[in-house]
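K.L.:
Sequence and computational prediction follow.
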Amino acid sequence: MTTGERSNASKLAAVREAMAKRGVRAVVVPSQDPHFRRYVAACFERRRWLSDFTGSAGTVVVTDAAALLWTDGRYFVQAEDELSEDWTLMRSGVKDVPDVKKWLCAEEAGLAFTGAKVGIDPNVHSVSEARGLREALSACGIELMSVEENLVDLVWSDRPPFPKTPLRVHPMEYAGKSVAEKLENLREKMKENDAQKLVVSSLDDVMWLCNVRGGDAPCNPVTLSYVLVGENDASFYVDTDKATPEVVAHLAEANVTIKPYEDMAKDVYAAAQRGERLWMDVDKVSIAMLEQAEAGAAEAPKDAKKVKTESAPSAIKEGTCPVPIAKAVKNEAEMAGMVEAHLMDGAAMAEFWCAIERDVAEGRAIDEYEAGERVLACRAKQNGFFEESFPTIAGEGPHGAVVHYRASKKSARAIGKDSLLLCDSGGQYACGTTDVTRTVHFGTPTAHQKECYTRVLQGHIALDQMVFPVGTKGFVLDAFARSHLWANGLDYRHGTGHGVGAALNVHEGPQGISPRFGNMTPLMPGMILSNEPGYYEDGAFGIRIETLLQVKEAKTAHNFGDTGFLCFDVLTLIPIQTKLMDLSIMSEKEIAWVNAYHEKVWQQISPRVSGETKTWLERACAKISK
């Protein structure tokens, strides 16, 4: 252990000491920052620091006698490997495994009806999260307590500083709409909802609205910030050191004032105190921010224009923020940028796969970590490349079964002629964002591997070819991607498709495709989603095939009920390995799809590559038949 590092046991002991001083019997530590991001700056990686679990999703509960981590099926194997004996892994979604609320109320926790207090940092829990937790705990005699200072921060002596990466302007060439246009559209929504202020808290929403990009966390071009939209003006709250003169001038054109990040809470309080009605999304705004608004509203004078009465609206409108759906439906310039990003990505990944297959065939030593570095190097040659859109997942053999595995120099497995390699990676370009997974065998795959791969491919094709009515929700389509796997007793423990931003976060809502019924967002033309069914055998191998799709209007022979129909059009242009396909269980239609896809890849990517890469691409795109 190097100087400054602490054992996991000592971290837990320090947190428990801080809990005891404040009369707290348990503390809940989520993964998120005050903006509820999936990938956070190092200074907000409290759950990771405390538990040593490096996955991007999970929640920790520490009591005076136990330490538990909840995470989902993507991370079970990873968590088992990373957690020390001081921790208990709670496998979310598995039968008979209670969620955080139920466990805290269970007899096992020893907290129910004892007057115990459970502590949270109100800045990192959304309104809906905090309310749900408070309601569940209250029902079993437990008090939810907001702590003034995060208990992990109190004992995290070498906590990293806040990031300082400067902002940059996202040009109109790729944004498609000016800040003023976007604000005008939002103000129309605000007027319809009788709101004088709109709180924008999600960082990708803020970046999209202001046509700026940042770099506060790896792979996400966002900056810690808020926007408070008024009827005639708007304020952008950020570390002012990050605002370059170009950014200041850019925002001034739309009458957007830059203010210190810390001023957001007091301005929310002041607006409510003036009697202005604030629109807040309870899933996107912290309970601390809502409490500021409630405190201000309680002090509003009786003659304020929006005082709550039986006939007047409340001081706070709770409802879905209108920014995410506007951001999800890409305009022409955004979509054109995404198309170009995928053309560049296709060329980069053709170079990567050509080189790695050549090196393996020639017996050169290469491992998972080096493969990830090569992916980055190939993309870096493309115009306007900034960074990866997420840390590359390069999993050989059993590591491929760890859904979100990330190789280190220490953990990296060698890649050789008998290897099955899953590689999931993506890029952030000035014009767009990419995300692709390909699974490749460098030798002779087994019959079982080919069968599993082909079932995944069949689901991938089935989803790609879907035609569906306007208004269809993503969960309706999920079963089509799983049907061939299900028919053979196989499945996977993750969603099938997530939204993707345009030169923004690689994971974007509200659209998605998964078995979860809760997402009622209909798919709309201009949305972008991933198509990524998979199959994983713990300790053996993993398979995933992922491309990005755009939603488009479909041309159908009929139009029942004048509904209108939609379809998908592929954006990702990277060959899918045919060696792994079991053609005997594929239909002629599926084989035709593979050939048509590869013809498109060849036509659009071959002009962008040359030499041995072009030769490899031609071979990878060769037609197949039974």
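P.N.:
Ah, there it is.

K.L.:
who touches the residue positioned nearest the centre of the chain in this structure?
P.N.:
Central residue of the chain (Cα atoms, centre = their mean): His507, 3.2 Å from the mean position. Listed by Cβ atoms under 8 Å, 6 or more residues apart in numbering, the contact partners of His507 are Arg38, His498, Gly499, Val500. (Glycine included, C-beta is placed from N, CA and C.)

K.L.:
which of the residues you listed has the most neighbours?
P.N.:
Among the contacts of His507, Val500 has the most neighbours (other Cβ atoms under 10 Å), with 28 neighbours.

K.L.:
quick one: contacts for it?
P.N.:
Taking Cβ under 8 Å, 6+ apart, we find Val500 in contact with Thr433, Asp435, Val506, His507, Glu508, Ile528, Leu529, Ser530, Leu548.

K.L.:
Please report the distance of it from Ile528.
P.N.:
Distance of Val500 to Ile528, given as Cβ to Cβ, to the nearest Å: 5 Å.

K.L.:
Return, as residue ranges, the portions of this protein with sub-threshold pLDDT.
P.N.:
Within the chain, the ranges that satisfy pLDDT under 70 run 1-5, 304-313.

K.L.:
How about Gly23: what's its closest non-neighbour residue?
P.N.:
Leaving aside its sequence neighbours, Gly23 sits nearest to Lys117 (Cβ to Cβ, 6 or more residues apart in numbering; 6.0 Å).

K.L.:
scratch that, Ser584
P.N.:
Distances taken as Cβ to Cβ, 6+ apart put Lys626 closest to Ser584, at 7.2 Å, once the chain neighbours are dropped.

K.L.:
ditto for Pro30
P.N.:
Nearest to Pro30 is Thr59, by Cβ to Cβ, 6+ apart, at 5.1 Å.

K.L.:
Thought Val27 was touching that neighbour, still the case?
P.N.:
No. Between Thr59 and Val27 there is no contact under Cβ atoms under 8 Å: 11.2 Å.

K.L.:
Neighbour count: these two, which is higher?
P.N.:
Using other Cβ under 10 Å, the more surrounded residue of Thr59 and Val27 is Val27, with 25 against 20.

K.L.:
my guess is that one contacts Gly119, does it?
P.N.:
Yes. Between Val27 and Gly119 there is a contact at 4.5 Å, judged by Cβ under 8 Å.

K.L.:
Please identify every residue contacting each of these two.
P.N.:
Shared contacts of Val27 and Gly119 (Cβ under 8 Å, 6+ apart): Met19, Val147, Leu151.

K.L.:
Now list the buried members of those.
P.N.:
Among those, those classed as buried by 16 or more other Cβ atoms under 10 Å are Met19, Val147, Leu151.

K.L.:
Might you specify the subset of the residues you listed located within helices?
P.N.:
Under the assignment DSSP state H, those contribute Met19, Leu151 to helices.

K.L.:
Need the buried ones among the shared contacts of Val27 and Gly119 in CSV (columns: distance to Lys417).
P.N.:
CSV is the format used below for these (distance: Cβ to Cβ, whole Å):
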residue, distance to Lys417
Met19, 54
Val147, 56
Leu151, 51
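
K.L.:
which of the buried ones among the shared contacts of Val27 and Gly119 lies closest to Ala42?
P.N.:
Nearest to Ala42 among these: Leu151, at 18.5 Å, using Cβ to Cβ.

K.L.:
Look up how far Asp562 lies from the closest one.
P.N.:
Distance from Leu151 to Asp562, counting by Cβ to Cβ: 58 Å.

K.L.:
Name the SS class of the residue of the chain positioned farthest from its centre, please.
P.N.:
The outermost residue of the chain relative to its centre, with distances by Cα atoms, centre = their mean, is Asp303 at 44.4 Å. Here Asp303 is recorded as coil under DSSP: H, G, I helix; E, B strand; the rest coil.

K.L.:
Repeat that for Gly539.
P.N.:
What three-state DSSP gives for Gly539 is coil.

K.L.:
Leaving out the residues flanking it, which one is nearest to it?
P.N.:
Using Cβ to Cβ, 6+ apart and skipping residues adjacent in sequence, the residue nearest Gly539 is Pro398, 5.0 Å away.

K.L.:
same deal with Arg22?
P.N.:
Sequence neighbours aside, Val147 is the residue nearest to Arg22 in space, at 6.3 Å (criterion: Cβ to Cβ, 6+ apart).

K.L.:
you'd agree that neighbour is up against Gly23?
P.N.:
No. Using Cβ under 8 Å, Val147 makes no contact with Gly23, being 10.3 Å away.

K.L.:
Scan the contacts of Val500 and report the most crowded one.
P.N.:
That'd be Thr433 among those, by other Cβ under 10 Å, with 30 neighbours.

K.L.:
residue contacts, that one?
P.N.:
With contact taken as Cβ under 8 Å, 6+ apart, Thr433 is in contact with Met338, Ala341, Ser389, Gly426, Gly427, Val500, Gly501, Ala502, Ala503, Leu504, Asn505, Val506.

K.L.:
in the helix ranked longest in the chain, what counts as buried?
P.N.:
Ranked by number of residues, the top helix in the chain under DSSP H is helix 332-361. By 16+ other Cβ under 10 Å, the buried positions in helix 332-361 come out as 333-357, 359-360.
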